[in-house]
Every structure is written in structure tokens, then in C-alpha cells.
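**Student:** Sequence and predicted model, in that order:
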Amino acid sequence: MMDLANKIQDAFDNIKADSQLKDSTKRFLAESRTRKTGVWQRPAFRRAFAAACAMILLVMAGAGGYVWIQMPVSYVSIDVNPSIELALNRFDMVASVKAYNDEGRKIIEKLSLRGKNYVNAIDMLVESEDMKIYLTDQSELVFTVAADKSRAKELRAGVESCFGHIECNSSSYSADISIVSEAHGHMVSVGRYNAYLELSQYDDSITVEDCQHMTMSEIHSRIEEHHQEEGHHGEESQGSRNDVYQEEGYYGDEQGRHHGGHH
């Protein structure tokens with residue numbers, strides 16, 4: 001297995017591909033040569049190695065394989081006031097990064113996130129000096145994962161593993177992958193659009209444009225106000241509403257929210 005890692009890395013040096021994708025994969029292969037034999041027996045490590053090999057073989061297959069590798073299949077949005085979205089490929093690496101407001105653009109222009117594992121990319125974002133300005137006691141940092149059901153739970157777990165590094169309230173939500181195109185059509189992140197969809201269930205006068213100019217804390221405060229106004233009558237209807245969210249991918253508190261960070 002070790003010889004295979006050496007041979008694959010040598011072959012990879014001759015492949016023309018995105019430099020960040022190559023670098024991240026080569027780092028994994030280089031580290032693999034220093035692992036003890038016992039590590040190779042671990043299923044998780046073998047899966048990671050198989051994924052790295054698959055990327056190499058697909059790139060070697062030509063442009064079609066490269067496009068397949070780079071194609072986004074899931075999304076993680078990071079919203080507080082800056083609104084940033086990571087598009088992930090099949091190997092949970094960042095295929096592209098987009099900011100949906102000026103605050104977000106200022107943050108990502110100083111970071112190199114493409115080709116990084118999404119957890120590492122999130123750590124880089126929340127630990128950047130430009131992002132820390134927005135992570136106050138009054139703010140809420142919201143992560144929203146849009147992925148198919150087979151990937152969502154694992155991606156959410158990875159997102160929530162970052163909460164210990166965040167110096168403000170943080171929450172994670174799930175959204176159905178089908179709303180991504182709707183969100184992008186309105187020029188907002190999937191996380192902000194997901195929050196808009198929930199708020200619009202209570203206030204049909206609210207627009208996506210309104211939510212574009214609100215912080216996530218403000219949006220969630222309005223949602224909470226509607227919860228309180230409904231009282232015990234709302235509790236009964238909220239159950240049915242959450243059933244709809246779960247079926248469609250727009251999850252309420254129990255299905256989709258996890259809180260962390262410092263209070």
C-alpha cells in the first residue's frame with residue numbers, strides 16, 4: 001500500500017489539473033507515506049485514500065474527469081452579516097467560494113479556500129481577522145448545509161465540530177439541495193434564503209430583498225417573535241409546519257437546528 005502511495009504521487013506530478021486541487025491531494029499522499037501500518041487498516045483512512053486515488057484517476061481520464069471532480073454537489077453557507085457560501089465537490093473539498101455581500105467579499109479576497117477540506121476552510125474563515133469583527137456577543141453565526149440526505153448528517157457534524165473555535169452564538173441548519181438554485185436566482189446564499197423561507201411562513205409581506213439587508217440575528221429574532229405570539233396555539237400548528245419543512249428540506253428547531261459557541 002505504501003509503494004502504491006509513492007507511485008500515485010509520482011504519477012500525479014505529471015497531471016495537468018487545478019493547482020489547489022493537486023496540492024491538497026498531494027499533501028494527503030505525502031502524509032500517507034509517514035503513517036504507521038496499522039492506520040491503513042482503519043476503514044475511514046482507507047476510504048480517504050480511495051477518494052484521493054479516485055480523484056487522480058479521474059483527472060488522468062481527461063477533461064471529463066476533471067469536470068466531474070470539480071462539480072459542486074453540496075453547499076455550506078456561513079451567514080452573520082457577511083454572507084459566504086462554499087460549494088463542495090464529491091470529496092468535500094471546496095470547489096468554489098462566493099460572497100453575497102460586500103462584507104463577505106472583503107473577507108474571502110484575503111483567503112485561499114479552494115481545494116481545502118470544508119472544515120479547514122470554515123476554520124480559516126471564522127479565525128480571520130476580518131470575520132472576527134462580526135462575531136460579537138450580539139451576533140449569531142449561522143451555518144446552513146444543503147446536501148442530499150446521504151451527505152447532510154456527516155457534513156453537519158463537520159460544521160458543528162468548528163463551534164469550539166467560534167466566539168459567538170452559532171447555529172447549524174439543514175436545507176434541501178433543491179432550494180439552492182432558487183437562492184442563487186435571488187442572489188442570496190442558501191442559508192439566508194432558508195431563513196427567509198421560514199420567516200415568510202409567518203409574514204407573507206416579507207421579501208428576499210428585505211432579508212438581504214438584515215443580519216441573521218435580526219431574521220431569527222423576528223421568527224422568534226412570531227413563535228411567541230402564536231403561544232400554545234402555535235405549538236400545535238408548528239408541529240405540522242415542521243413536518244412540511246422536514247419533507248421539503250426546510251427544517252425547524254428540532255429537525256435542523258443545533259446551537260453552539262459562546263453565550
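**Tutor:** Looks like it came in fine. Numbering: from 1, shown residues only.
**Student:** Which pLDDT does the model give Asp137?
**Tutor:** What the model reports for Asp137 is a pLDDT of 88.
**Student:** One more: Met187?
**Tutor:** Per-residue confidence (pLDDT) for Met187: 96.
**Student:** Run a quick check on Arg192 versus Ile78, I expect a contact.
**Tutor:** No: counting by CB atoms under 8 Å, Arg192 stays clear of Ile78, with 10.5 Å between them. Placement of C-beta: from N, CA and C, glycine included.
**Student:** Report the contact partners of the closest residue to Ala121 other than its chain neighbours.
**Tutor:** Closest residue in space to Ala121, ignoring its immediate chain neighbours: Leu113 at 4.5 Å, by CB to CB, 6 or more residues apart in numbering. Contact partners of Leu113, counting by CB atoms under 8 Å, 6 or more residues apart in numbering, are 86, 94, 97, 121, 124-125.
**Student:** all strands for the stretch 51-200 of the chain, in order.
**Tutor:** 74-79, 83-88, 94-99, 140-146, 169-175 (DSSP state E, counting those that start in this stretch).
**Student:** Export only the CA atoms of the fourth one, formatted as CSV.
**Tutor:** Think strand 140-146. Extracted as CSV, the C-alpha positions of strand 140-146 are listed here (Å, rounded to 0.1, in the frame of the first residue of the first chain):
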residue,chain,number,x,y,z
GLU,A,140,-25.4,34.9,15.5
LEU,A,141,-23.3,33.0,13.1
VAL,A,142,-25.5,30.6,11.0
PHE,A,143,-24.2,27.6,9.1
THR,A,144,-26.6,26.0,6.6
VAL,A,145,-25.8,22.7,4.9
ALA,A,146,-27.6,22.0,1.6
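**Student:** Would you indicate which residues of stretch 125-134 are buried?
**Tutor:** By neighbour count with 16 or more other CB atoms under 10 Å, stretch 125-134 contains the buried residues 125-126, 130-131, 134.
**Student:** Same list, those residues, but as CSV with pLDDT and distance to Tyr202 please.
**Tutor:** Formatted as CSV, the buried residues of stretch 125-134 follow (pLDDT from 0 to 100; distance: CB to CB, whole Å):
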residue, pLDDT, distance to Tyr202
Leu125, 95, 31
Val126, 94, 30
Asp130, 95, 33
Met131, 95, 30
Tyr134, 94, 26
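**Student:** For Leu155, state which of those is nearest.
**Tutor:** Set against Leu155, the nearest of these by CB to CB is Leu125 (15.6 Å).
**Student:** Columns distance to Ile223, mean neighbour count and mean pLDDT on top of the strands of the stretch 51-200 of the chain, output as TSV?
**Tutor:** Compiled in TSV, the strands of the stretch 51-200 of the chain are given as follows (distance: least, CB to CB, whole Å; neighbours: other CB atoms under 10 Å; pLDDT from 0 to 100):
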stretch	distance to Ile223	mean neighbour count	mean pLDDT
strand 74-79	14	27	97
strand 83-88	18	25	97
strand 94-99	24	19	96
strand 140-146	12	27	96
strand 169-175	12	25	93
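**Student:** May I see those strands arranged in CSV, with distance to Gln212 as well?
**Tutor:** Conversion of these to CSV gives the following (distance: least, CB to CB, whole Å):
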stretch, distance to Gln212
strand 74-79, 11
strand 83-88, 8
strand 94-99, 13
strand 140-146, 14
strand 169-175, 17
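**Student:** Pretty sure Val76 sits against Ala152.
**Tutor:** No: Val76 is beyond contact range of Ala152, at 10.7 Å (criterion: CB under 8 Å).
**Student:** Now list whatever residues contact both of these two.
**Tutor:** Counting by CB under 8 Å, 6+ apart, the contacts common to Val76 and Ala152 are Val145.
**Student:** mind listing the helices for the stretch 101-250 of the chain?
**Tutor:** With DSSP state H, counting those that start in this stretch as the criterion, the stretch 101-250 of the chain has helices at 102-108, 118-127, 129-132, 149-160, 180-185, 190-200, 208-212, 216-248.
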